[in-house]
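Student: below are the sequence and a predicted model for it; my questions follow.
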Amino acid sequence: MRAFLDRASKLYYEGTPLLSDAEFDLLAEKHNYTTVGYEVTDAVPHTYQMYSLQKCFDMTKAPLNVLECTCTPKLDGAAVSILYIDGELQLGLTRGDGIHGRDITDKMQQLVPNTIKYLGVVQITGEVVAPSSVPNSRNFASGSLGLKGLSGLEEFKARPLVFVAYDSSSLYDNYREEMNWLQNCGLNVVTDFDSTRYPTDGLVYKLWNGKKFRELGHTAKHPRGAFAFKEQAAGVVTTLEAVEWQVGKSGVVSPVAILSPILIGDATVSRATLHNIQYIRELDLEIGCQVEVIRSGEIIPRVVRRID
């Protein structure tokens with residue numbers, strides 16, 4: 001099953017999803033599958049690891065003092081890195097698994113300056129995004145990076161894509177100075193980018209103080225000096241049609257709600273977790289009742305209350 005989910009994850013990031021978000025999430029939860037990005041077969045190492053961000057859904061529980069942070073939109077596209085050596089663009093990579101990515105240098109040459117005024121090695125990370133007016137804009141951006149050959153490159157050039165930088169490996173002690181430097185290099189930067197026409201997925205809080213950010217370091221998955229805030233989406237009402245029982249890897253039996261299909265965000269949801277029998281009793285659920293469903297963390301579909 002892991003091999004199947006690896007393939008589904010890879011196809012998702014390449015813009016040709018094999019499963020709906022809801023189907024993938026349920027399988028991932030059932031089989032305890034977690035990954036950042038996807039494993040790449042034509043792997044090229046990032047000079048510096050690309051981390052994901054820890055997520056926060058309640059600002060009263062924010063992991064940092066937000067008064068010490070900059071707040072920027074969390075753009076929803078395809079995360080990439082670009083590498084300059086002595087001012088020359090040498091490499092562009094998809095995020096992949098955060099350690100290795102797929103070579104997209106030919107694509108990034110169309111979106112960023114091929115030379116900058118800098119002596120030394122600097123890796124710049126950011127997001128390739130498409131306008132919100134483009135259907136499935138996130139998949140569109142990811143899929144564009146996977147276009148193959150000369151014809152694919154010509155198609156890529158014609159697509160409405162932009163690269164927006166949000167980080168670099170340079171040792172600036174002030175985030176605003178770092179963004180100003182990137183902007184002076186000719187790059188779009190997240191602190192001065194009109195995101196109203198582009199898809200966003202919450203807000204990013206990052207420490208202004210670069211020295212403190214570096215001192216806090218990283219966990220295996222994310223930097224301690226930044227986090228993403230995502231509002232819990234309003235629930236959608238549907239009918240509980242049935243309850244199925246599934247056995248997890250540990251042997252624990254848990255209930256799954258079978259629902260009249262509904263659209264939550266960009267995913268069609270027809271199944272949702274019910275956790276355990278006690279949860280069903282607490283919500284007083286029965287077949288045929290109306291329930292409110294959310295995507296917990298914008299990922300896992302979950303029944304949160306009975307409506308009728």
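Tutor: Right, received. Where do you want to start?
Student: ok so Tyr118 is a helix residue?
Tutor: No - assigned with DSSP: H, G, I helix; E, B strand; the rest coil, Tyr118 falls outside any helix and is coil.
Student: what's the neighbour count on the residue nearest to it when sequence neighbours are not counted?
Tutor: Nearest residue to Tyr118 in three dimensions, chain neighbours excluded: Gly87, at 5.1 Å (Cβ to Cβ, 6 or more residues apart in numbering). Quick note: C-beta positions are derived from backbone N, CA and C, even for glycine. By the measure other Cβ atoms under 10 Å, the count of residues near Gly87 is 15.
Student: contacts only, for Gly87.
Tutor: Gly87 is in contact with Thr115, Ile116, Lys117, Tyr118, Leu119, counting by Cβ atoms under 8 Å, 6 or more residues apart in numbering.
Student: ok, then the element right after the helix or strand bottoming out on mean pLDDT in the chain?
Tutor: Every helix and strand of the chain was ranked by mean pLDDT, DSSP states H and E. The lowest is helix 21-30, at a mean of 57. As assigned by DSSP states H and E, the chain's next helix or strand after helix 21-30 is strand 43-45.
Student: mind listing what's buried in that following strand?
Tutor: By 16 or more other Cβ atoms under 10 Å, the buried positions in strand 43-45 come out as Val44.
Student: that strand: how far from the chain's middle?
Tutor: 20 Å (Cα atoms, centre = their mean, to the nearest Å).
Student: outside of it, which residues touch it?
Tutor: Strand 43-45 is contacted by residues Leu91, Leu93, Gly96, Ile99, His100, Gly101, Arg102, Asp103 when judged by Cβ under 8 Å, 6+ apart.
Student: nearest residue to Cys185 in space, please, no chain neighbours.
Tutor: The shortest distance from Cys185 to any non-neighbouring residue, by Cβ to Cβ, 6+ apart, is to Ile116 (4.2 Å).
Student: one more: Phe163?
Tutor: Nearest residue to Phe163 in three dimensions, chain neighbours excluded: Leu111, at 4.2 Å (Cβ to Cβ, 6+ apart).
Student: ok, that neighbour touching Pro160?
Tutor: No - the criterion here is Cβ atoms under 8 Å, and Leu111 misses it with Pro160 at 11.2 Å.
Student: and the two? which has more neighbours close in?
Tutor: Taking other Cβ under 10 Å, Leu111 and Pro160 do not tie; Leu111 has more neighbours (20 against 14).
Student: phi, psi of the more buried one?
Tutor: Dihedral pair for Leu111: phi -110, psi -20, per degrees, to the nearest 10.
Student: tell me the contacts of the residue sitting nearest the centre point of the chain?
Tutor: By Cα atoms, centre = their mean, the chain has its centre lying nearest to Asp76, at 6.7 Å. Counting by Cβ under 8 Å, 6+ apart, Asp76 touches Glu127, Val129, Ser137, Arg138, Tyr198, Pro199, Thr200, Asp201.
Student: this completes my enquiry, with thanks.
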